[in-house]
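A.B. asks: Model the following, please.
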Amino acid sequence: QLQLVESGGGLVQPGGSLRLSCAASGFSVDDYSVGWFRQAPGKEREGVTCINSRGKGGVTNYLESVKGRFTISRDNVKNTVYLQMDSLKPEDTAVYYCGASPNGFHCHGMEYWGKGTLVTVSS
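C.D. replies: Numbers count the residues shown, from 1 in each chain. Here you go, the predicted model:
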């Protein structure tokens, strides 16, 4: 059974860092496109970053507002995808979700989702 489990959220001060983890089971993160998404209170879910499958080059892309601050990476031994978040801002506060798709190429229309982890950036 395919499963995604996020962890690593919490409360952090502005300017701080967090690393989120998305542990996958039932499939290899090398073979799927995997993305991080977030939903802030009262707002729609938005895509933050995506990494496509290793076979399609492992290309990454980022939401403009997080470029230079967030980094997505993949560990195929641990079968986990990470989101390193630096220089956090209050507007980054949201529930963060990871999603996966066997299309391997993009992160639109993800088929599988985790339950999310809350990130709160506040002093």
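
A.B. asks: Please tell me how far the helix or strand residue 35 falls within is from the chain's geometric centre.
C.D. replies: When elements are assigned from DSSP states H and E, residue 35 belongs to strand 33-39. Averaging C-alpha coordinates over strand 33-39 and over its chain gives two centres that are 4 Å apart (C-alpha atoms, centre = their mean, to the nearest Å).

A.B. asks: Run through who's touching the worst-scoring helix or strand of the chain on mean pLDDT.
C.D. replies: Taking mean pLDDT, DSSP states H and E as the measure, the chain has strand 60-62 as its least confident helix or strand, at a mean of 94. Residues from elsewhere that reach strand 60-62, judged by C-beta atoms under 8 Å, 6 or more residues apart in numbering: 48, 49, 50, 51, 52, 70, 72. For every residue, glycine as well, the C-beta is placed using N, CA and C.

A.B. asks: how about the residues you listed in TSV, adding neighbour count, pLDDT and secondary structure?
C.D. replies: Putting the contacts of strand 60-62 into TSV (neighbours: other C-beta atoms under 10 Å; pLDDT from 0 to 100; DSSP: H, G, I helix; E, B strand; the rest coil) gives the following:
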residue	neighbour count	pLDDT	secondary structure
48	25	98	strand
49	22	98	strand
50	23	97	strand
51	22	97	strand
52	21	95	coil
70	20	98	strand
72	23	98	strand
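
A.B. asks: How is residue 55 assigned, secondary-structure-wise?
C.D. replies: Following DSSP: H, G, I helix; E, B strand; the rest coil, residue 55 is assigned to helix.

A.B. asks: Without its sequence neighbours, what residue ends up closest to it?
C.D. replies: In space, not counting the residues next to it along the chain, residue 55 is nearest to residue 104; the distance is 6.4 Å by C-beta to C-beta, 6 or more residues apart in numbering.

A.B. asks: got a pLDDT number for residue 3?
C.D. replies: Looking at residue 3, its pLDDT stands at 96.

A.B. asks: That one - how many residues pack around it?
C.D. replies: 13 (other C-beta atoms under 10 Å).

A.B. asks: Likewise for residue 69?
C.D. replies: Residue 69 is flanked by 15 other residues according to other C-beta under 10 Å.

A.B. asks: show me what contacts it?
C.D. replies: Contacts for residue 69 were tallied using C-beta under 8 Å, 6+ apart; they are 85, 86, 87, 88.
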